[in-house]
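# Coordinates for the following, if possible.
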Amino acid sequence: MRADVVLRNGRIVTMADDTPAASAIAIRGDRILAVGSDGDLLRTAHDDTRVIDLGGRTVVPGLIDAHTHLELAAYARHRWTDVRGLSRAEVLGQVREKVAGSAPGTWIVMQGTFGQDFPDRAELDKTAPDNPVAVRWTMHKFQLNSCALELAGIDRTTVAPPGVRIHHGAGGHPTGLIEEGWDLLNWPSPMGDALADEIAETARELFLQHGVTTIHDIAASAAGVGAYTRLAGSPAVLPRIGLAFTAEPGHQPLIRTPEFVRTGLRTGFGGPMLRLSAIKIFVDGGRDGAFRSTGLGSRGDQWGLPTRTPQGLAREITAAVAAGTQVWVHAIGDLAQEMTISAIEQAVRANPGVDHRTRIEHFGNEIYDARSLQRLVRCGGIPAPNPSFLYAEPDDPDRRIPPGVQKYGLRTLLEAGTRPPGNSDTAGAQPRACNPWFTMQRMVERRNQHGTEIDAGQRISVAEALRSFTVDAAVATFLEHDRGSLVPGKLADLAVLNKDPFSVRESELESVTSVLTVVGGRADGGELWNDELART
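Numbers count the residues shown, from 1 in each chain. This is a model prediction of the structure:
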């Protein structure tokens, strides 16, 4: 069989155990034809074959982001005002500037980041008396002004839905600080072609240029799903999309698990550019809303924000496993994780022999005890920690939440036999995490934004970090038959890198990027090859 393209004179990192490295790769159509030596693969060329000299550059499989929020990142990039890193006064200045250019009643949304000092309700009211304002730390926590509270119908009598916390001040009046309740707001969701264009631009600029060829997004709206449907048929070169649908109660829920499994839709439904990944279940909240045993000695409203009973969670996971739909469970606190593992164990007993690969998102961000990890391994679950968050961890261990707990225990997870998938899990608060090499630097170097080492004993190698974004991410999303390694028959998804990640210093891993990202044998612009390499 003849190749359409042969890439030669490179370092091909296949991530396959039987052929870990080669110098050339041949592509036919959207698939890999062969991998091997220059001499062997040049024999697959014919008169019309494009033969490309890589000039010694490193080629890796297309990277897979196993958990992110692309739609929300697009909102933050195109629709909301970036106030990350600004002071309280500077944030108010940005609100003031937006008010001056907006009609009364127009929503103003600000995107911040972890741990920022934001204005309170009174300060926002003074600056924006006639515009609803929301200032987001993350998708889990935000501050509203009075106008936004009024539009949402939130007052002292409002009963928070399951999994949501409305903070109250003097006289029981809401302070405007809300956890896990973004769905309570009546802010206008983008519609139509504009949203598709914004998602496409965000996917290209924040993901594709770093070598990401598959993104698993948690769908945030019906409009977003429609945008992805449109993009799946686009001639543009974009990352492949896997969609997870959140089951209520949870963030931006689009489904209820019992009704969804009755449709017959299951993991893998769709095509190569857009497929169904999973059902996403939120068991607790973010950092401040995690269901932890450390809160049990305090008031009941400080225990965390569990959304379900143990029995209800077990029924949901059991039904999804029986239907062939993968489940990703958001569980941060130790009690939430314990509840989830018990539910997975029940689902496995009810469905013996089923390859379920149920994931616990954020398991490993905090290592509580070996017993929970052993149980997760035995029942076939997959931990999905988020090492990119290490960047924002405080220097002082006693200021980390919960204090003194080992953070982002990647070495512990690997030694237990698990293979955590690489991911960014960003909804706009930390867009640098969309670059997998940023996250890989955290995994290898273990340093936060101030250069402080965080649990150095949990560091892993560059090879292990790269595996998490390739082979392991493919396995964690039921895609190992098609993606994750460069072997004949798999999709021709790959990245030609500007630097060899195995040769650069740990502190320079983030500077690795893709000179050319190929999706299904095509590079940006529709051609497999233009002049990209010649210009670098």
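# average model confidence for stretch 81-98?
Average pLDDT, stretch 81-98: 96.
# swap in stretch 272-283?
For stretch 272-283, the mean pLDDT works out to 98.
# Likewise for stretch 246-262?
Across stretch 246-262, pLDDT averages out at 94.
# likewise stretch 381-397?
94.
# As PDB, could you dump the C-alpha coordinates of it?
The C-alpha coordinates for stretch 381-397 follow below in PDB (Å, rounded to 0.1, in the frame of the first residue of the first chain):
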ATOM      1  CA  GLY A 381     -12.000   2.500  38.800                       C
ATOM      2  CA  ILE A 382      -9.600   5.200  37.300                       C
ATOM      3  CA  PRO A 383      -8.300   8.100  39.300                       C
ATOM      4  CA  ALA A 384      -8.300  11.400  37.400                       C
ATOM      5  CA  PRO A 385      -6.300  14.000  39.400                       C
ATOM      6  CA  ASN A 386      -5.500  17.500  38.200                       C
ATOM      7  CA  PRO A 387      -1.800  18.300  38.600                       C
ATOM      8  CA  SER A 388      -2.100  21.600  36.900                       C
ATOM      9  CA  PHE A 389      -3.800  22.900  40.100                       C
ATOM     10  CA  LEU A 390      -0.400  22.400  41.800                       C
ATOM     11  CA  TYR A 391       0.600  25.700  40.300                       C
ATOM     12  CA  ALA A 392      -1.800  27.700  42.500                       C
ATOM     13  CA  GLU A 393      -1.100  25.800  45.800                       C
ATOM     14  CA  PRO A 394       0.100  28.000  48.700                       C
ATOM     15  CA  ASP A 395       3.800  27.800  49.800                       C
ATOM     16  CA  ASP A 396       2.800  27.000  53.400                       C
ATOM     17  CA  PRO A 397       1.500  23.400  53.800                       C
END
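# Now it: buried residues?
381-391, 393-394 (16 or more other CB atoms under 10 Å). Every residue, glycine included, has its C-beta placed from N, CA and C.
# Give me the neighbour count for residue 487.
16 (other CB atoms under 10 Å).
# That one in helix, strand or coil?
Following DSSP: H, G, I helix; E, B strand; the rest coil, residue 487 is assigned to coil.
# Pull out the buried positions in stretch 36-54.
36, 38, 41, 44, 45, 49, 51, 52, 54.
# Among those residues, name the ones in helices.
Judged by DSSP state H, helices contain the following of the buried residues of stretch 36-54: 38, 41.
# what are the bridge partners for residue 453, then?
residue 447 (DSSP bridges).
# That one and residue 444 touch, don't they?
No. Residue 453 lies out of contact with residue 444 (CB atoms under 8 Å); the separation is 11.8 Å.
# Of these two, which one has the most company?
Per other CB under 10 Å, whichever of residue 453 and residue 444 has more neighbours is residue 444, with 22 against 12.
# what sits up against the helix or strand hosting that one?
Secondary structure assignment for residue 444, by DSSP states H and E: helix 436-445. For helix 436-445, contacts defined as CB atoms under 8 Å, 6 or more residues apart in numbering pick out 63, 65, 210-212, 387-388, 390-391, 408, 410, 422-424, 432-433, 459-462, 464-466, 468-469, 501, 506-507, 509-513.
# Show the buried residues in those.
Applying 16+ other CB under 10 Å to the contacts of helix 436-445 flags 63, 65, 210-212, 387-388, 390-391, 408, 410, 422-424, 433, 459-460, 462, 464-466, 468-469, 501, 509-510, 512 as buried.
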